[in-house]
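Visitor: Give the three-dimensional model of this entry:
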Amino acid sequence: DSEITFYDQDKRQNLKEVIPIEYGQKEGYYYYFYENGVVAVEGEYQQGQKVGMWTEYYNFEKQRLPKKQIKYPEDPFDETLPYISKEWNPQGQVVYEKSKK
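Guide: Predicted coordinates:
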């Protein structure tokens with residue numbers, strides 16, 4: 001199942017958010033949309049926790065350019081803090097990338 005919300009609750013045509021739900025908790029791929037329908041954020045939940053790479057996007061209708069990637073632990077029970085892995089400017093150029101050490 002998924003919990004789905006809309007910007008226009010009455011007409012239910014302008015999708016806002018898709019929250020994956022399994023056994024009463026967030027589980028699966030999550031999506032948040034700008035009002036114009038462009039994906040704003042996507043990522044994955046496991047056992048109610050954000051895991052893996054979450055990506056935020058710029059609000060461009062003609063192309064999907066990433067804005068920021070945030071890295072969460074791969075294991076939902078890992079208490080490692082999330083961090084910004086990479087950021088882009090609106091022209092698609094990388095402005096920040098966490099060094100791999």
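
Visitor: Report the secondary structure element holding residue 73.
Guide: Per DSSP states H and E, residue 73 falls between elements, in no helix or strand.

Visitor: the strands in the chain, which residues?
Guide: 2-6, 15-22, 25-26, 28-33, 39-46, 49-57, 66-71, 83-88, 94-97 (DSSP state E).

Visitor: Output the below-cut-off pLDDT ranges for the chain.
Guide: Under the criterion pLDDT under 70, the flagged ranges of the chain are 101.

Visitor: Spatially central, which residue of the protein would that be?
Guide: Central residue of the chain (CA atoms, centre = their mean): residue 42, 2.4 Å from the mean position.

Visitor: so it makes contact with residue 29?
Guide: Yes - applying CB atoms under 8 Å, one finds residue 42 in contact with residue 29, separated by 6.8 Å. C-betas here are computed from N, CA, C, even on glycine.

Visitor: Contacts only, for residue 26.
Guide: 19-20, 45, 48-49 (CB atoms under 8 Å, 6 or more residues apart in numbering).

Visitor: mind running it again at 7 Å?
Guide: 19-20, 45, 48 (CB atoms under 7 Å, 6 or more residues apart in numbering).

Visitor: again, but for residue 33
Guide: Per CB under 7 Å, 6+ apart, neighbours of residue 33: 15-16, 39-40.

Visitor: need those residues in CSV with neighbour count and distance to residue 33, can you?
Guide: Converted to CSV, these look like this (neighbours: other CB atoms under 10 Å; distance: CB to CB, whole Å):
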residue, neighbour count, distance to residue 33
15, 17, 5
16, 17, 6
39, 15, 6
40, 18, 6
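
Visitor: Looking at those, spot the one nearest residue 2.
Guide: Distance to residue 2 across the contacts of residue 33 (CB to CB) is lowest for residue 15, with 11.2 Å.

Visitor: Spatially nearest residue to the closest one (excluding sequence neighbours)?
Guide: Distances taken as CB to CB, 6 or more residues apart in numbering place residue 33 nearest to residue 15, at 5.3 Å, with adjacent residues excluded.

Visitor: how close does that neighbour sit to residue 18?
Guide: Using CB to CB, to the nearest Å, we find residue 33 at a distance of 8 Å from residue 18.
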